[in-house]
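In: model the following, please.
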Amino acid sequence: MRKLWIFVLLVVMTLLSSQTFWYLENVVYCNLENENVIVFLKNGWWTVKCQTYLNTLYQLAMKKYSEISAIRSYINQWDDVYYRKEILEEKKSEFIQLVNYRSQIKMAMDKFEWLLFDKYYNMMQKPMKNYYSDLEVQYYILINQKPELRTSNYSLKLAQLEQQMWNVKHILGAKKLDNIVEVLSSYFYLKKEIEWK
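Out: Next up, the predicted model:
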């Protein structure tokens, strides 16, 4: 009995925790065919948002869990024990299947994210290194500029270059898409600002 409760607790914790990447949950679309999950960035008539699947499966699993708890309480009261034990096994099987579907969707999303990261990183690595070199040149030109030639916004330009160099280093050193996404807004803003100067 105790092992079963530990198992149920672990399954529920799995349902509650999310290993998928938060920004992809609402922008990727899934198609479930023959228990296979295919993830797309583009919506088609055959796809549904992956988050919709995850939410639906979560709600169904919680409903099954409530049913399992109710059946257990009847069994503990010795009410139709043989009949209810059979139903209990059926409900547990359905619950585990729902959890497996949800885990399968999350794993497909994780795999999709890693593939997207690899392609993005390989494609952007060389241009980012070139951009970093350009920033470094601008930075050293500013630092070595004579004080009398410095403009009023000298400190701002210097700070923006330093921040952008840090952003690019952060992107180049990224190990997952999360690391890139956390600096993208700053990166794009400063890229635009630095180009205007």
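In: the strand or helix carrying Y139 packs against which elements?
Out: Here Y139 sits within helix 81-143, counting by DSSP states H and E. Helices and strands touching helix 81-143, as assessed by 3 or more Cβ pairs under 8 Å, 6 or more residues apart in numbering; DSSP states H and E, comprise helix 2-16, helix 22-25, strand 29-33, strand 36-40, helix 50-76, helix 154-172, helix 177-196. Just so you know, the C-beta spots here come from the backbone N, C-alpha and C atoms, and that holds for glycine as well.
In: need the pLDDT of the residue lying farthest from the centre of the chain.
Out: When each C-alpha in the chain is compared with the mean C-alpha position (Cα atoms, centre = their mean), E148 comes out farthest, at 49.7 Å. pLDDT, E148: 83.
In: repeat for the one 3 residues further on
Out: In this model, T151 is scored at 83, pLDDT.
In: contacts only, for it.
Out: Shown in contact with T151 (Cβ atoms under 8 Å, 6 or more residues apart in numbering): K157.
In: how many other residues sit next to I171?
Out: 22 (other Cβ atoms under 10 Å).
In: ok, T52 next?
Out: The burial count for T52: 13, using other Cβ under 10 Å.
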